[in-house]
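Q: Predicted model and sequence follow; I will ask about them next.
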Amino acid sequence: MNNFRSVHPSSICLYERITGILGSAETSRCKNFLHGWATAILFILASSSTGQNTDFVRDTYLHLTGKIGDYIMVTADLNITGSEITGFYYYFFPKAKQDSGMHYGKTIPLTGTVDGATITMREFGSNGSEFMGHVYRHDSISGFWKTEDEERKLRFYLTENNENNLSFRYFSRTDSTYLFPGEDAGIHSPRALFTLAILIPECSISRQACDSIEAALWNWAYGGPGALSTPDEGADLLISDFFETYRLSAEGLDLHNAGASFNWEKRYSTTVEFNESGIVCLKLSKYVFSGGAHGLNMEGFMVFDAFTGSRITLSDLFNADSLPVLRTALNRKIREMFGISPGERLSDAGFFADEVDQTENFYIHQDGMGFVYNLYSIGPHALGVIDIFLDFGEIKELLRDVSPVRWIY
């Protein structure tokens, strides 16, 4: 990105800074280059002083900041469960000389794996640019970012930063039970499998906020309010209820009558979608298979005020008289997504109604809001989970003057 001459920029910067022949623009670029590499070198030296690259702690969440190259600043949220990584990042950098301020890129999804101290992440799934690096001190990553065609390759470094956001830790439980216990159960008997990976907020900002958010997460998982003293108690209740329902469903059956439809499964997981400057957005995923043709996957989202733990709703963001305009924007976007012409009814395209209403199941990213409609909520299973994303540029005039998201755009 700094190859503005035919030789390596470090040689140009070092030589021309000494001889004083650089113009003001090139001097600025050289300063950026040298500062970036000096920071990266110090980062690597500091990391090596701990001895070796270190493994990531499995089942963890990290809010990271750092750089790609010399002047592209990066903020990332990574959710690591087992060896799998999911998350998002966005980047920003100073605008050209004639402009002022920062240019902000779009939020980019990441998926990847971690193997020991080695980490690999791709943008947009399997066909995007790639981050490859190593983990240092359990909370930092250094390596190279490269485009899919490998024409551009830049060093990156990221380190955990929890100054203006909530920190979280994962609480995980896995359990299973066989429908017909015995010595050969693992060979012949169907079983029920339960998996839980839920985020527990830590009190980096407010004890009240942590307690309120944790209670909301358990209420979601358990399906209603309840007083839980520990995460283990919550997991025990979920597991016992699931296994009891499993056993009751098979009363009167024997081994020969219980087929694959009795290999039940229930999975709960939570991930951080956005976590900055007083707003935290969590994704809540639940998958259930209890017989039938297929399982049911549900995606829920909650947006919180990180200082109070209060749930942020549409009424906190939008003026009441702007909701009809929001509804129009959502219906226009869903027609674009599914190729439905203005004169065609949504119901003719398979939807349950001819107009889609706004939903409280929404998420927030750096560049906009997404409204998520689960299976069977507005259409049949074949339509899948529908995510309608609106840029802040499309809806900023609809937002309240005093809105929790006004600072983002």
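A: Received the coordinates, thanks. Residues are numbered from 1 along each chain as shown.

Q: Please make it C-alpha for all contacts and neighbour counts, starting now.
A: Noted.

Q: Pull the contacting residues for the closest residue to Ser290 other than its chain neighbours.
A: Excluding the flanking residues, the one nearest Ser290 by Cα to Cα, 6 or more residues apart in numbering is Trp264, at 4.9 Å. Counting by Cα atoms under 8 Å, 6 or more residues apart in numbering, Trp264 makes contact with Arg191, Ala192, Leu193, Tyr246, Val288, Phe289, Ser290, Gly291.

Q: Tell me which stretches of the stretch 251-400 of the chain form strands.
A: Along the stretch 251-400 of the chain, counting by DSSP state E, counting those that start in this stretch, strands occupy 265-276, 279-289, 296-305, 362-365, 368-373, 386-391.

Q: can you list the domains in this protein?
A: Annotated domains of the chain cover 9-48, 60-160, 167-305, 314-398 [automatic domain parsing].

Q: Just the mean pLDDT for the longest one, thanks.
A: So the one you mean is domain 167-305. The average pLDDT for domain 167-305 rounds to 87.

Q: cool, the last one as well?
A: Per-region confidence: domain 314-398 scores 94 on mean pLDDT.

Q: first to last residue in it, what's the distance?
A: Using Cα to Cα, to the nearest Å, the gap from the first to the last residue of domain 314-398 comes to 11 Å.

Q: re the thing from before, with respect to Ser83, which of the contacts of Trp264 is nearest?
A: Leu193 (19.4 Å; Cα to Cα).

Q: secondary structure element for that closest one?
A: Under the criterion of DSSP states H and E, Leu193 resides in strand 191-202.

Q: by contact count, what packs against that strand?
A: Under the contact definition 3 or more Cα pairs under 8 Å, 6 or more residues apart in numbering; DSSP states H and E, strand 191-202 sits against strand 167-178, helix 207-222, helix 231-249, strand 265-276.

Q: then the third one to CSV, C-alphas only?
A: C-alpha atoms of helix 231-249 as CSV (Å, rounded to 0.1, in the frame of the first residue of the first chain):
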residue,chain,number,x,y,z
PRO,A,231,-24.6,-20.3,35.5
ASP,A,232,-24.3,-24.0,36.5
GLU,A,233,-27.8,-23.8,38.0
GLY,A,234,-29.2,-22.4,34.8
ALA,A,235,-27.5,-25.1,32.7
ASP,A,236,-28.7,-27.8,35.0
LEU,A,237,-32.3,-26.7,34.6
LEU,A,238,-32.1,-26.6,30.8
ILE,A,239,-30.5,-30.0,30.6
SER,A,240,-32.9,-31.7,33.0
ASP,A,241,-35.9,-30.3,31.2
PHE,A,242,-34.6,-31.4,27.8
PHE,A,243,-33.7,-34.9,28.9
GLU,A,244,-37.0,-35.3,30.8
THR,A,245,-39.0,-34.3,27.7
TYR,A,246,-36.9,-36.7,25.6
ARG,A,247,-37.6,-39.6,27.9
LEU,A,248,-41.3,-38.9,28.1
SER,A,249,-41.6,-38.7,24.3
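
Q: in it, what's buried?
A: Gly234, Ala235, Leu238, Ile239, Phe242, Phe243, Tyr246 (16 or more other Cα atoms under 10 Å).

Q: Which residue is the nearest non-sequential neighbour of Asn297?
A: Closest to Asn297 by Cα to Cα, 6+ apart is Tyr287, at 4.4 Å.

Q: picking that back up, please determine how far the residue nearest to Ser290 is located from Ala235.
A: 18 Å.

Q: so how far is the first residue of stretch 223-241 from its last?
A: Using Cα to Cα, the two ends of stretch 223-241 sit 12 Å apart.

Q: Nearest spatial neighbour of Ile85, chain-adjacent residues omitted?
A: Per Cα to Cα, 6+ apart, closest to Ile85 is Gly112, 4.8 Å.

Q: So which residues of the protein form helices?
A: Assigned by DSSP state H, the helices in the chain fall at 9-19, 24-48, 185-188, 207-222, 231-249, 314-317, 323-338, 392-395.

Q: ok, for Asn161, nearest residue in space, not its chain neighbours?
A: Counting by Cα to Cα, 6+ apart, the residue nearest Asn161 is Leu64, at 5.4 Å.

Q: count of residues packed around the one you found?
A: Per other Cα atoms under 10 Å, the neighbour tally for Leu64 reads 20.

Q: contacting residues for it?
A: Here Leu64 is in contact with Thr75, Ala76, Asp77, Leu78, Ser140, Leu158, Thr159, Glu160, Asn161 (criterion: Cα under 8 Å, 6+ apart).
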